[in-house]
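Q: Okay, sequence plus prediction incoming.
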Amino acid sequence: MKFLDQLKESLQRLWLDIAASAPKVIGVLVLIIVFLIITKIITSVLKKVLLKANVNKLGEKLNQIELSEGKTLNINLVNIIVKTIKWLLYLVLITVVADILELTMVSEGLKSFMAYLPKLFTALAIVTLGLLFATFVKKSLQRLFESLELSGGKLISQLVFLILMVLISVTALNQAEINTEIITSNIKMILAAFLLAFALAFGLGARNVIEKVLHTFYTRKLYEVGKVIEFNGIRGEVESINSISVTIKTEKGKLIVPIKDIVESQVKIQD
């Protein structure tokens, strides 16, 4: 009898606890249903607004970025934004439900995570803008090398792109409060080795390349295509200028003269 009395008393306490928490549970269920409906409406409207604002154009620019040979991004920016907002709303819902049900540990943990999110989003923005900037620098270097008709532009521009992305990534990680001390020290060593190799290359032979670049720049600035010049007693019209030579059209035919000879000789320009 004593056991039955204890069991009866336990069941009564359990029933009273359930009855006491029933309004909270019902309220939570109603809240979840209403919140899910509101979330569906918000995400649907947001998607339409983003599509009308042509936000995907930024995504298309990001997808055109070549991270390495033949490898590009493949993202849908509108879907990413909409899904991010949806999950943020879900986190808010879970936090509110945890507060109502007095689940303190869950509620405090979610609040701490949500307080960290602005730093995370700032880090992602740094990476995105940095990616666009690094791509701009890369393409500018490629165009510069092509305009000067120099080889190696693709390799050098890709190397500069990777270095910029590493620096930008470290900055983003610092913004996200991730310890980058080991990464930073390794990057410093790599950059030091790269600069040393570059200095050696410059000392051993890069001066010739720079000299040719300066000669080409100087020649193109002074002797435009179509101008009549006199060189070593030969008179003719400048037909074309490339990175290594100048083509002069004379009465007897075309004369191809190395740019170095043009720069180091006296040339008379006919008005």
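A: Perfect, thanks for sending it.
Q: hey, let's count contacts and neighbours off CA atoms from now on
A: Noted.
Q: give me phi/psi at G226?
A: When quoted as degrees, to the nearest 10, the phi and psi of G226 stand at phi 100, psi -20.
Q: can you check N79 too?
A: Main-chain torsions, N79, degrees, to the nearest 10: phi -60, psi -40.
Q: what's near enough to touch it?
A: For N79, the contact set (CA atoms under 8 Å, 6 or more residues apart in numbering) comprises K47.
Q: What pLDDT does the model give it?
A: Listed pLDDT for N79 reads 82.
Q: now do G205
A: Note on G205: pLDDT of 54.
Q: ok, residues contacting stretch 246-254?
A: 234-241, 255-259.
Q: And that stretch, what's buried?
A: Within stretch 246-254, the residues that count as buried by 16 or more other CA atoms under 10 Å are V246, T247, I248, K249, T250.
Q: Between the contacts of stretch 246-254, which sits nearest K154?
A: I241 (22.5 Å; CA to CA).
Q: Which residue, other than its chain neighbours, is closest to that closest one?
A: T247 (6.4 Å; CA to CA, 6 or more residues apart in numbering).
Q: Am I right that the one you found falls within a helix?
A: No - read with DSSP: H, G, I helix; E, B strand; the rest coil, T247 is strand and lies in no helix.
Q: Chain neighbours aside, what residue packs nearest to the residue most central in space within the chain?
A: Nearest to the mean C-alpha position of the chain, by CA atoms, centre = their mean, lies L131 at 1.5 Å. Of all residues not flanking L131 in the chain, M165 sits nearest, at 6.7 Å (CA to CA, 6+ apart).
Q: ok, now how distant is that neighbour from L132?
A: Applying CA to CA, to the nearest Å, the value for M165 to L132 is 10 Å.
Q: When those two are compared, which one has more neighbours?
A: Ranked by neighbour count (other CA atoms under 10 Å), M165 and L132 place M165 first, with 19 against 16.
Q: In contact with that one, which residues are there?
A: Counting by CA under 8 Å, 6+ apart, M165 has contacts G130, L131, A134.
Q: Which residue ranges of this structure form helices?
A: Here the chain has its helices, by DSSP state H, at 2-52, 56-63, 77-100, 104-147, 153-175, 181-201, 207-222, 259-264.
Q: Compare the ones you listed and say which comes out lowest on pLDDT.
A: With a mean of 67, helix 207-222 has the lowest mean pLDDT of these.
Q: Where do the domain boundaries of the chain fall?
A: Per the record, the chain has its domains at 2-214, 216-270, by automatic domain parsing.
Q: quick one: the closest residue to A172 other than its chain neighbours from S169, how far?
A: Closest residue to A172 apart from its sequence neighbours, by CA to CA, 6+ apart: A123 at 4.4 Å. Using CA to CA, A123 is found at 9 Å from S169.
Q: How about G226?
A: 50 Å.
Q: Which one's more surrounded, the two?
A: Taking other CA under 10 Å, G226 and S169 do not tie; S169 has more neighbours (19 against 13).
Q: check contacts around the closest residue to K111 other than its chain neighbours.
A: Once flanking residues are discounted, K111 sits nearest to T95: 7.2 Å by CA to CA, 6+ apart. For T95, the contact set (CA under 8 Å, 6+ apart) comprises V106, S107, L110, K111.
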